[in-house]
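>>> coordinates only, sequence not included:
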């Protein structure tokens, strides 16, 4: 397994170096092969992580929880790497500076994926914070890569807000070190395992502060209300493959960091305080996102607020605390990555076809795009938790967990707000797919797909959603079972 882990850490970095120097076509091919290979490497970790933790080189630690998030990131990495070949095809024909842009794009994409793969493998909280901080720098550069005024403004706003949030997360790391040093001694290096084992002996006040600051700090990157305001702008202005990674992977990695602090908080304080904090942030995020979905004019901003909605669902699910809800949360991480990646990739095809992101400029997509139109509709149905897709299964388990935990009011609020979000998202998307534009301009557009490369990864995402919703593989079920035990062991 050490070879697999080292390849997983080294391959994206090596691909980034190659992309900086190689011609555009080689950069595309290397990135696509590396992305798909990384997903295969993570799949190879599943059997081992389902039975025991993996620890290497004193700073790498991989358990079942880690592998769940690695699966989400590596799947999206492979999907957007393939999608990008078609996404950049027209730029190659129209832009004489394409080769330079392509090298920067693929180098940034590979480095971004590298940091998100590295974060769940870090063995201590300080290294985890560093990895998440590096994702901020790289993703901000990718948001601004289009070199437009809107992209520069979104990247600047993202840097300011995320840096403030990660400042709070650094303070949380300091309080966690202080709490651990009281029990483990001043030589303590913020390793997660010893901190969790000493949980019952940790002083309560610094642990409370560390957890609240971690939720605020990493919650900024996760998109929790009220520290979510960078997210709609960044997701709207970034290139579509980057938007898919931001929503499906970066938010999940930030949630992973919160889960680690949650484990420590439950071990030290008991379950009530951390669950109440997550419930408050989760309900606020879900409420705001559900309402904002009714009043969007940009298709990518629409999907960005859908991401805020699903992050709220994750926080509420963890607040229920019972095993079935935690299993639903972990399954939701995987299903949301596939569904949101598909939705952004489908939106990218619509934007390419109709020449803009404004919802009012898009119509009749189902007729004009014989593959991408239906696939985009399927992705949105999956995001709305329609059966038989994975998000239906995960949200059903979360709601079931809410009732099992006697959190009937919270479960009822979750059901109502998810239904409101479903209405807002589905009404808008139906107009884009089913209703032709009134100005008749859509009639001038030819029927067909911009590129086959932009269809294949979305088909793979639909297959993944069906597998997660109908019958998850036994290996994945075993991994989720062990991850649930790890999250709930302290309680």
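Thanks, I have it. This one's a predicted model, so the numbers in the text were calculated from it and none came from an experiment.
>>> contacting residues around residue 433?
By C-beta atoms under 8 Å, 6 or more residues apart in numbering, residue 433 lies in contact with 364-366, 373, 376-377. From N, CA and C alone the C-beta is placed, and that goes for glycine too.
>>> Next: residue 139.
Here residue 139 is in contact with 112, 158, 234, 238, 242, 245-246, 250 (C-beta under 8 Å, 6+ apart).
>>> okay, now the domains of the chain?
Domains of the chain are assigned by automatic domain parsing as 1-121, 123-270, 277-491.
>>> would you turn those into a markdown table with mean pLDDT?
Putting the domains of the chain into a markdown table (pLDDT from 0 to 100) gives the following:
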| stretch | mean pLDDT |
| --- | --- |
| domain 1-121 | 92 |
| domain 123-270 | 93 |
| domain 277-491 | 92 |
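>>> Name the nearest of the contacts of residue 433 relative to residue 187.
residue 376 (54.3 Å; C-beta to C-beta).
>>> can you tell me which residues contact the nearest residue to that closest one once chain neighbours are set aside?
Once flanking residues are discounted, residue 376 sits nearest to residue 346: 3.1 Å by C-beta to C-beta, 6 or more residues apart in numbering. With contact taken as C-beta under 8 Å, 6+ apart, residue 346 is in contact with 372, 375-376, 379, 458.
>>> Could I get the full set of strands for the stretch 201-350 of the chain?
Read by DSSP state E, counting those that start in this stretch, the stretch 201-350 of the chain holds no strands at all.
>>> Where do the helices of it begin and end?
For the stretch 201-350 of the chain, applying DSSP state H, counting those that start in this stretch gives helices covering 204-222, 230-237, 240-245, 251-269, 272-292, 299-320, 323-354.
>>> Could you take these and lay them out as TSV, with extra columns for distance to residue 452?
Converted to TSV, the helices of the stretch 201-350 of the chain look like this (distance: least, C-beta to C-beta, whole Å):
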stretch	distance to residue 452
helix 204-222	34
helix 230-237	25
helix 240-245	16
helix 251-269	28
helix 272-292	34
helix 299-320	22
helix 323-354	11
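>>> Identify the bridge partners of residue 60.
Under DSSP bridges, the beta-bridge partners of residue 60 are residue 56, residue 122.
>>> one step back: widest-spaced pair of the contacts of residue 346?
372 and 379 (10.0 Å).
>>> Spit out the residues that contact these two alike.
Shared contacts of residue 372 and residue 379 (C-beta under 8 Å, 6+ apart): 346, 458.
>>> which parts of stretch 451-461 are buried?
451, 453-458, 460-461 (16 or more other C-beta atoms under 10 Å).
>>> dump the residue contacts of the residue nearest to residue 453 when sequence neighbours are not counted.
In this structure, residue 453 finds its nearest non-sequential neighbour in residue 86, 3.1 Å apart by C-beta to C-beta, 6+ apart. Applying C-beta under 8 Å, 6+ apart to residue 86 gives the contacts 450-455.
>>> First residue to last residue on stretch 82-102, what's the distance there?
End-to-end distance of stretch 82-102 (C-alpha to C-alpha, to the nearest Å): 14 Å.
>>> Just give me the longest helix of the protein.
Longest among the helix segments of the chain by residue count, using DSSP state H, is helix 149-184.
>>> which parts of that one are buried?
By neighbour count with 16+ other C-beta under 10 Å, helix 149-184 contains the buried residues 151, 154-155, 157-159, 161-162, 165-166, 168-180, 183-184.
>>> Mind giving me the packing neighbours of that helix?
Contacts defined by 3 or more C-beta pairs under 8 Å, 6 or more residues apart in numbering; DSSP states H and E place helix 149-184 against helix 125-143, helix 192-197, helix 204-222, helix 230-237, helix 251-269.
>>> Nearest to residue 359 among these would be which one?
Closest to residue 359 of the helices and strands packed on helix 149-184 is helix 230-237 (C-beta to C-beta; 11.9 Å).
>>> shouldn't residue 311 be in contact with residue 253?
No - counting by C-beta atoms under 8 Å, residue 253 is not a contact partner of residue 311; they are 11.9 Å apart.
>>> Looking at those two, which one has more neighbours?
With neighbours defined as other C-beta atoms under 10 Å, residue 311 and residue 253 compare such that residue 311 has more, 28 against 25.
>>> Name the nearest residue to the more buried one, sequence neighbours excluded.
Leaving aside its sequence neighbours, residue 311 sits nearest to residue 223 (C-beta to C-beta, 6+ apart; 4.9 Å).
>>> neighbours around the one you found, how many?
Residue 223 sits with 30 neighbouring residues when counted by other C-beta under 10 Å.
>>> wait, isn't it in contact with residue 251?
Yes - in this structure residue 223 lies within contact range of residue 251 using C-beta under 8 Å: 5.4 Å.
>>> Around residue 278, count how many other residues there are.
Neighbourhood size, residue 278 [other C-beta under 10 Å]: 27.
>>> Relative to residue 164, how far out is it?
21 Å (C-beta to C-beta, to the nearest Å).
>>> got it, and residue 196?
28 Å.
>>> now swap in residue 77 and tell me
Residue 77 is 28 Å from residue 164, where distance means C-beta to C-beta.
>>> try residue 148
From residue 148 across to residue 164, the span is 25 Å (C-beta to C-beta).
>>> Same question for residue 357.
Residue 357 is 28 Å from residue 164, by C-beta to C-beta.
>>> Ok, residue 134 next?
For residue 134, the distance to residue 164 equals 17 Å [C-beta to C-beta].
>>> closest to residue 124 among the contacts of residue 433?
Lowest distance from residue 124 to these (C-beta to C-beta) belongs to residue 376, with 41.3 Å.
>>> unless I'm mixing things up, residue 462 is touching residue 345, no?
No - judged on C-beta under 8 Å, residue 462 makes no contact with residue 345 at a distance of 11.1 Å.
>>> Give me the more crowded residue out of the two.
Per other C-beta under 10 Å, whichever of residue 462 and residue 345 has more neighbours is residue 345, with 30 against 18.
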